[in-house]
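**Student:** Got a predicted model here, sequence first, then my questions.
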Amino acid sequence: MTFERDAKTLELPWPFTGRDSEVELIRRSLAAGRHGIVVTGPAGCGKSRLVVEATRGTECAKVAGTPEARTIPFAAFAHLLPEAVTLHRAVQLLSSVRLLLVDDAHHLDDASAALVHQLAVQGRTRLLVVATDGVPAPGAISRLWTGELLPRLALDALPPEETAHLLGGGLDPLTVNRLHRLCQGDLRLLRDLLGAVRERGLLTRVPDTDTWAWRGPLPLTATVRERTAHVLDRAHPEERETLERLAFGEPLALDMDLFDLWALERLEADGLIRIDDQGTVRLAHALHGAVLRAAAGRLRARRLARTPDQCAAALAAEAAVLARSVRLADVRAVSAPVGEWLVDEGARIPAGYAALRARFARIGGRLREAEAWAREGLRDAPEDRYCRDELALAAAQSGEVTAVAGDVRNGWPAVARGDLDAALATVEPYDAVRLGAPERAAGRLDGVFAQHAEALARGDGPALDRAAEALQERGLLLYAAEAHAQAVRAHRDPRAARTSRTRAVALARRCQGARTPALSGLVLGELTARQRQIVTLAAAGLSNRQIAERLTLSVRTVGNHLYSAYARLGASDRGALPWLVDLPTAQPA
């Protein structure tokens, strides 16, 4: 059975995801009385798709620059202007256009770029201009924002949680993480890589799950080679040798006997390597290491690859960094490339290291990632106590009752079963706070955890929000979401409660399906009976039409109820609903 037949969620074209605030910003910039906006961002980050969504249903003229036509005057406007035209006449002819979308503006010919600039100066035509960062653009285009003619929206790469949402639920979290590291928000590269992995049969079923994993070398597709030509085609052999040593052994100490200093200087100047304050050398982009390893050939890879003993030392160093972060309750991102590389290549991971990675991910709220790391550790050590515990804890906090039958010495399996009394008898002090019983933790916590417990005991909404912000600063996203959710019930001011709810939902969406008592059924009590009914069905995955048919309503009525519910819940779309509705008890029959 092929992966394509099993995982329909990964079929293309992909849905538009994230960017809700950017879409709204663009629409406001194109409203009456505004002159427009410039949208810039890295290649492949989804700029063109964003502006299509922002202008959907709006009448506009469209032009686009192409590198092949940069020597032809007014080439981009050929379909809108007569064959022979002056700049002055072109401005006159286009002054009646209400909205003009200019895509790939960095590729415009000089005459077209000057026309766009003059239209911006004139101000009668609203402009939506799209350009790519890092690519030389005509001066008339760059002066649109540097000269403050138009505001500029600089897009960041799509964040990991939105990448995961885009890929759907068919891939295991470590594969999703790998794709995000390699592509770093380049959606064209992401599409290409995923297509190659599927077509070449590189996906394997993860035991005891409904997900698939990609392990093994990177496919060297035409797009991958194009993106990394500046790495693979280095003119000097010393530079290629240095890059390959790093690809198979990073991070490495800055050893003059190992490296050619002249080659290092050029690679650093070209942005291909990073050297930190401790003198450690790393590749600047994860894709480069994967490409160099895949292109090395069997014999060269065997010569350059680290032995198991060398990997063990590197893993121990990473484990020490991770353990310190867990001990300090500060789980913001740390660099741990060796373990990730070993997993990517399909190598075995020691159970102790895997359990630590699982705990680091779980405390940070990345519950599915925690489960995946625990399973990696159980591949060679199926009875390892710590991996089994981490797997059970992550599953329980995702609300998975059937998956937590292990011997975990904690009360979270009881929480998943709905038995809070049994859970409170065994959970750790801070877990009691998360479960709404701060009195059980009195005098047993310190730092931000004590701050959270004391605010909850007082029923102090603003203090709970401050505790949540402190937790978020440390990367403790699930704990922060729970503290904001508890603040919703503590606030006396409805506006403050809605703000806390919005923050709780935004953080919960980043916690990979977390389903804890503080988050479940957060605000349904604020809705009317009909709104509760419709929101519950929408959270369970039904479309507006399916809801309308089930409840004998019009599709328009369902949409109106959902719109009103979103406003009350502080939600922006359907994606937020699973964190607002207690689906285990509210799913439709």
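**Tutor:** Done, it's in. Residues are numbered from 1 along each chain as shown.
**Student:** which non-adjacent residue is nearest the most centrally placed residue in the chain?
**Tutor:** The C-alpha lying nearest the average C-alpha coordinate of the chain belongs to residue 160 (CA atoms, centre = their mean; 1.8 Å). By the measure of CB to CB, 6 or more residues apart in numbering, the closest residue to residue 160 outside its immediate chain neighbours is residue 180, 5.0 Å from it. (Each C-beta comes from the backbone N, C-alpha and C, glycine too.)
**Student:** Look at the one you found and report its pLDDT.
**Tutor:** Among the per-residue scores, residue 180 holds a pLDDT of 92.
**Student:** Neighbours of it, how many?
**Tutor:** Neighbourhood size, residue 180 [other CB atoms under 10 Å]: 22.
**Student:** Quick check: buried residues in stretch 94-110?
**Tutor:** 94, 97, 99-109 (16 or more other CB atoms under 10 Å).
**Student:** Which of the residues you listed fall within helices?
**Tutor:** Assignment to helices by DSSP state H places the following of the buried residues of stretch 94-110 there: residue 94.
**Student:** any chance of the buried residues of stretch 94-110 in CSV, plus pLDDT and distance to residue 517?
**Tutor:** Compiled in CSV, the buried residues of stretch 94-110 are given as follows (pLDDT from 0 to 100; distance: CB to CB, whole Å):
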residue, pLDDT, distance to residue 517
94, 93, 59
97, 91, 56
99, 93, 49
100, 95, 52
101, 95, 48
102, 95, 51
103, 94, 48
104, 94, 50
105, 94, 51
106, 94, 51
107, 95, 54
108, 95, 56
109, 94, 61
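**Student:** Looking at the buried residues of stretch 94-110, which are in strands?
**Tutor:** 99, 100, 101, 102, 103 (DSSP state E).
**Student:** Redo those as TSV? Include distance to residue 211.
**Tutor:** Putting these into TSV (distance: CB to CB, whole Å) gives the following:
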residue	distance to residue 211
99	43
100	45
101	39
102	42
103	36
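**Student:** Look at residue 282 and say how many residues are nearby.
**Tutor:** By other CB under 10 Å, 17 other residues sit near residue 282.
**Student:** Helix, strand, or coil at it?
**Tutor:** strand (DSSP: H, G, I helix; E, B strand; the rest coil).
**Student:** any idea how the chain splits into domains?
**Tutor:** Each domain of the chain is listed here as a residue range: 3-13+159-225, 20-154, 228-304, 308-337+352-411, 429-508, 524-586, per automatic domain parsing.
**Student:** Can you give me every residue that contacts the residue nearest to the centre of the chain?
**Tutor:** Taking CB atoms under 8 Å, 6 or more residues apart in numbering as the definition of contact, the neighbours of residue 160 are 176, 177, 180.
**Student:** Let me know the closest of those to residue 545.
**Tutor:** Taking CB to CB as the measure, residue 545 sits nearest to residue 176 out of the contacts of residue 160, at 30.3 Å.
**Student:** Could you report the pLDDT at that closest one?
**Tutor:** 93.
**Student:** re earlier: just give me the closest of the buried residues of stretch 94-110 to residue 242.
**Tutor:** Among the buried residues of stretch 94-110, and counting by CB to CB, the member closest to residue 242 is residue 106, at 32.3 Å.
**Student:** In space, what's closest to the closest one - neighbours in sequence excluded?
**Tutor:** Looking at residue 106 with CB to CB, 6+ apart, the closest residue is residue 137, at 3.9 Å.
**Student:** For that neighbour, give me phi and psi.
**Tutor:** Backbone dihedrals for residue 137, given as degrees, to the nearest 10, come out at phi -120, psi 150.
**Student:** what about it, how many neighbours?
**Tutor:** Other residues within reach of residue 137, judged by other CB under 10 Å, total 21.
**Student:** Output the contacting helices and strands for the lengthiest helix in the chain.
**Tutor:** Under DSSP H, the helix in the chain containing the largest number of residues is helix 308-327. In this structure, helix 308-327 makes packing contacts with helix 337-344, helix 351-363, judged by 3 or more CB pairs under 8 Å, 6 or more residues apart in numbering; DSSP states H and E.
**Student:** So which other helices or strands are in contact with the last one?
**Tutor:** To tie it back to what came earlier, the one meant is helix 351-363. Helices and strands in packing contact with helix 351-363 are listed as helix 308-327, helix 367-378, helix 385-397; criterion 3+ CB pairs under 8 Å, 6+ apart.
**Student:** and the shortest one, how far out from the chain's middle?
**Tutor:** The gap between the average C-alpha position of helix 367-378 and the chain average comes to 19 Å, counting by CA atoms, centre = their mean, to the nearest Å.
**Student:** pLDDT of that helix, averaged?
**Tutor:** For helix 367-378, mean pLDDT rounds to 95.
**Student:** what's that helix packed up against?
**Tutor:** In this structure, helix 367-378 packs against helix 173-183, helix 351-363, helix 385-397, with contacts taken as 3+ CB pairs under 8 Å, 6+ apart.
**Student:** change it to 10 Å
**Tutor:** helix 160-167, helix 173-183, strand 212-214, helix 337-344, helix 351-363, helix 385-397 (3 or more CB pairs under 10 Å, 6 or more residues apart in numbering; DSSP states H and E).
**Student:** tell me which residues of stretch 368-379 are tucked away?
**Tutor:** 368, 369, 370, 371, 372, 373, 374, 375, 376, 377, 378.
**Student:** what's the spacing between the fifth one and residue 340?
**Tutor:** Look at residue 372 and residue 340: by CB to CB, to the nearest Å, they are 12 Å apart.
**Student:** Could you pull out the residues contacting both of those two?
**Tutor:** 174, 177, 357 (CB atoms under 10 Å, 6 or more residues apart in numbering).
**Student:** can you tell me which of these lies nearest to residue 164?
**Tutor:** The shortest separation between residue 164 and any of these is 8.6 Å, and it belongs to residue 177 (by CB to CB).
**Student:** residue contacts, the closest one?
**Tutor:** Applying CB under 10 Å, 6+ apart to residue 177 gives the contacts 160, 163, 164, 171, 340, 343, 344, 361, 366, 369, 372.
**Student:** and which of those residues is nearest to residue 486?
**Tutor:** The shortest approach to residue 486 among the contacts of residue 177 belongs to residue 366, at 21.3 Å (CB to CB).
**Student:** Quick check: that closest one vs residue 171, distance?
**Tutor:** From residue 366 across to residue 171, the span is 15 Å (CB to CB).
**Student:** out of those two, which sits in the more crowded spot?
**Tutor:** The residue with the greater number of neighbours, taking residue 366 and residue 171 and applying other CB under 10 Å, is residue 366; the counts read 28 against 25.
**Student:** Is the spatially closest residue to that one that is not a sequence neighbour in a helix, a strand, or coil?
**Tutor:** In space, not counting the residues next to it along the chain, residue 366 is nearest to residue 512; the distance is 5.5 Å by CB to CB, 6+ apart. Reduced to three states with three-state DSSP, the structure at residue 512 is coil.
**Student:** burial count for residue 512?
**Tutor:** Here the count is done by other CB under 10 Å, and residue 512 has 25 residues near it.
**Student:** Over to the one 4 residues further on?
**Tutor:** Applying the criterion other CB under 10 Å, we find 24 residues in the vicinity of residue 516.
**Student:** before we move on, what about residue 91?
**Tutor:** The local packing count at residue 91 equals 18, with neighbours defined by other CB under 10 Å.
**Student:** Residue 119 now?
**Tutor:** 24.
**Student:** for this protein, which spans come out with low pLDDT?
**Tutor:** 1-18, 32, 256-257, 307-309, 401-409, 521-527, 567-589 (pLDDT under 70).
**Student:** Thanks a lot, catch you later.
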